[in-house]
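Undergrad: Sequence isn't available, so here's the structure alone:
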């Protein structure tokens, strides 16, 4: 397939083997393209800057084909939402043609001041680059990556070759997906499959498959996305990496992926490496999603079984973003609220290296080692809220809806104690049936409070809300009933 172009205003060419082989280059609107310096090369072609446009680049194929041209035209006809103010998806914007009109590549957005995803989730490379990255940034990156994948799936595209090398990140935790011409594109007439993959991110059911005849689905992208998210949140550790504890030769990484052997999936003869962060640093709902995504389908599961979608991950990571707390010792130590102590302080004390230093020197790290980690247990928080100094701060409407809304739980607990006292008095001193009903309602409140407290104080946000509203209903029923009867 070719696109007719005019040879007027012949563009200049840089000294490059690939660019010079094609001669003068144009876009599909017959406008000349002046190539700048070479930016990179891969198995499919080379990438060049545009000399007169710093915001775009050109990719030239090593072996342009009619099938590639058809695929590019289908992508140009149905672009996804690439983002506003930031290029989230480096989607082709124009075709690149030689003087004969043959399509030899495409124009795409170019991003600046970005790093590869792997440079930021790995602690060693992250420390050499900057001290401004916190775990909150990594959670934001994970959320934004899920959002990008969800956008493509919503348009009917399948990435296919999702891995750490085709995701770039800037200092604001915004991600950019590159190498978009390799994704799977489906039209009414044809399916242009993804012919490449990286073994570490390939879904187990695709191992050994012929990609030229295998149509991929968002379900397959879900596996690669889960691996990337796991490495983002777990300091670059692969979910299938671990120390083999069984007898015989340790299985390879691909064998572990195929059989689901992982110290985090509750299957296999391996344990997590000593340097790996604890899996329980992630909330329970996040751990559940990882297990659903990374475990292979077993015989008793229906064929309709699917991994969590990118939108599901996006919602879960947004929930995680809202549940983060900051260490009192180091403002760069950020972790989920369900963790009782600052795990980054504990890791600095254990290994002598702070994974998220706040501009600290080694002497400051040594001082941090001797510092007791921040106590984030629920009992400690309740005691902090019940101190006289804290109670003096409570004012008017801010008690329930303002910045002091965290005092609601201890207030409800204290209220339940008064209810228990009144319940005992009613059961002992009165014989009226109505009073006994009120007493039993009070007993229900007390039992509910006690059962909630006994759940190891590991409440999720949804559980806290459920407990709070349930107790409010009991309290309102108790007060109304007591007033009507008395």
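TA: Nice, I can see it. Please read these numbers as outputs of a predicted model, since none were measured by experiment.
Undergrad: If you count neighbours, what's buried in the helix or strand residue 146 falls within?
TA: Under the criterion of DSSP states H and E, residue 146 resides in helix 135-154. Neighbour counts using 16 or more other Cβ atoms under 10 Å place 135-153 of helix 135-154 among the buried residues. Every C-beta, even on glycine, is put in place using the N, C-alpha and C of the backbone.
Undergrad: confidence score at residue 306?
TA: At residue 306, the pLDDT value in this model is 75.
Undergrad: quick one: it from residue 221, how far?
TA: From residue 306 across to residue 221, the span is 11 Å (Cβ to Cβ, to the nearest Å).
Undergrad: again with residue 198
TA: Relative to residue 221, residue 198 is positioned 13 Å away (Cβ to Cβ).
Undergrad: The two: which is more packed in?
TA: residue 221 (27 against 14; other Cβ atoms under 10 Å).
Undergrad: Below-threshold pLDDT in the stretch 201-350 of the chain: ranges please.
TA: Across the stretch 201-350 of the chain, the ranges flagged by pLDDT under 70 are 297-305.
Undergrad: Let me see the backbone angles for residue 70.
TA: Dihedral pair for residue 70: phi -60, psi -40, per degrees, to the nearest 10.
Undergrad: distance of it from residue 356?
TA: Residue 70 is 48 Å from residue 356, by Cβ to Cβ.
Undergrad: For the two, work out which one has more neighbours and name it.
TA: The neighbour comparison of residue 70 against residue 356 (other Cβ under 10 Å) goes to residue 356, with 27 against 17.
Undergrad: Show me the helices in the stretch 251-400 of the chain, by range?
TA: Counting by DSSP state H, counting those that start in this stretch, the stretch 251-400 of the chain has helices at residues 253-259, 284-294, 310-322, 343-351, 362-369, 378-386, 388-392, 398-401.
Undergrad: ok, residue 27 - how many residues close by?
TA: So residue 27, with other Cβ under 10 Å, has 18 neighbours.
Undergrad: OK, contacts around the residue nearest to residue 203 when sequence neighbours are not counted?
TA: In space, and not counting its chain neighbours, residue 203 is closest to residue 223: 3.9 Å by Cβ to Cβ, 6 or more residues apart in numbering. Counting by Cβ atoms under 8 Å, 6 or more residues apart in numbering, residue 223 touches 201-204, 293-294, 307.
Undergrad: same thing but 10 Å
TA: Applying Cβ atoms under 10 Å, 6 or more residues apart in numbering, one finds that residue 223 lies in contact with 162, 201-206, 257, 293-296, 307.
Undergrad: Same question for residue 57.
TA: 35-36, 39-40, 47-50, 90, 106-111, 178.
Undergrad: what packs against the helix holding residue 146?
TA: If you count contacts as 3 or more Cβ pairs under 10 Å, 6 or more residues apart in numbering; DSSP states H and E, helix 135-154 packs onto helix 117-121, strand 167-169, strand 175-177, helix 218-233, helix 310-322, strand 324-326, strand 334-336.
Undergrad: mind putting these in TSV, distance to residue 242 included?
TA: Formatted as TSV, the helices and strands packed on helix 135-154 follow (distance: least, Cβ to Cβ, whole Å):
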stretch	distance to residue 242
helix 117-121	18
strand 167-169	25
strand 175-177	28
helix 218-233	13
helix 310-322	23
strand 324-326	27
strand 334-336	23
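Undergrad: Return a ChimeraX selection command for the buried portion of the contacts of residue 57.
TA: ChimeraX command restricting these to the buried ones, with burial defined by 16+ other Cβ under 10 Å:
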select :35,47,48,49,50,90,106,107,108,109,110,111,178
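Undergrad: from the contacts of residue 57, which has minimum pLDDT?
TA: Minimum confidence in the contacts of residue 57 sits at residue 40, scoring 86.
Undergrad: Please tell me how far that residue sits from residue 58.
TA: 12 Å.
Undergrad: how much space between residue 295 and residue 40?
TA: In terms of Cβ to Cβ, residue 295 sits 36 Å off from residue 40.
Undergrad: Which neighbours do residue 198 and residue 221 have in common?
TA: By Cβ under 10 Å, 6+ apart, the residues touching both residue 198 and residue 221 are 161-162.
Undergrad: okay, now residue 155: neighbour count?
TA: So residue 155, with other Cβ under 10 Å, has 13 neighbours.
Undergrad: so the closest residue to it other than its chain neighbours, which of the three states?
TA: The shortest distance from residue 155 to any non-neighbouring residue, by Cβ to Cβ, 6+ apart, is to residue 80 (4.4 Å). With DSSP: H, G, I helix; E, B strand; the rest coil as the basis, residue 80 sits in coil.
Undergrad: Verify the stated contact: residue 80 with residue 92.
TA: No - Residue 80 is not in contact with residue 92 according to Cβ atoms under 10 Å; the separation is 11.4 Å.
Undergrad: List the contacts of the residue nearest to residue 167 when sequence neighbours are not counted.
TA: Leaving aside its sequence neighbours, residue 167 sits nearest to residue 117 (Cβ to Cβ, 6+ apart; 4.3 Å). Contact analysis of residue 117 by Cβ under 10 Å, 6+ apart lists 138, 141-142, 145, 163-169, 175-176, 228, 231-232.
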